[in-house]
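In: the amino acid sequence is not available; the structure is as follows:
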């Protein structure tokens with residue numbers, strides 16, 4: 001598993017050797033599986049690159065593809081996941097919606113919404129970043 005942290009243009013490759021990657025994998029898979037909506041907006045590579053440059057986010061790149069089964073899209077295969085941690089694609093404690101970008105070699109052109117994932121994503125962020 002490879003984890004990359006983006007913070008307003010700064011890119012940090014996270015050293016996963018001291019992290020519980022099995023627990024992180026389980027949490028990431030759960031956040032993806034609990035997506036209940038598909039955003040009907042095209043989000044291309046340029047937009048994702050802009051998010052990585054202007055906002056905070058976590059990108060998880062898995063060793064191999066996994067199958068996710070969610071209410072939003074049924075069964076689909078992913079290898080990379082991007083969670084925005086700031087900006088328009090994340091809520092807050094009062095409105096706990098998060099947006100999840102997923103794909104195989106490239107990200108899918110749409111995004112998925114987890115309507116109650118904010119708290120779990122913030123805990124995951126703390127585990128990964130140690131903050």
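Out: Done, it's in. Given the structure is predicted, the values throughout are model-derived calculations rather than measurements. Residues are numbered from 1 along each chain as shown.
In: which ones are touching the nearest residue to residue 73 once chain neighbours are set aside?
Out: Distances taken as Cβ to Cβ, 6 or more residues apart in numbering put residue 38 closest to residue 73, at 6.1 Å, once the chain neighbours are dropped. Heads up, the C-betas are built off the backbone N, CA and C, glycines and all. Counting by Cβ atoms under 8 Å, 6 or more residues apart in numbering, residue 38 makes contact with 72-73, 110-113.
In: can I have the buried ones of these as a PyMOL selection?
Out: Only the buried members of the contacts of residue 38 enter the following PyMOL selection, criterion being 16 or more other Cβ atoms under 10 Å:
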select buried, resi 72+73+111+112+113
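In: residue nearest the middle of the chain, spatially speaking?
Out: Within the chain, the residue whose C-alpha comes closest to the C-alpha centroid is residue 83; the distance, by Cα atoms, centre = their mean, is 2.7 Å.
In: what helix or strand is that one located in?
Out: strand 74-84 (DSSP states H and E).
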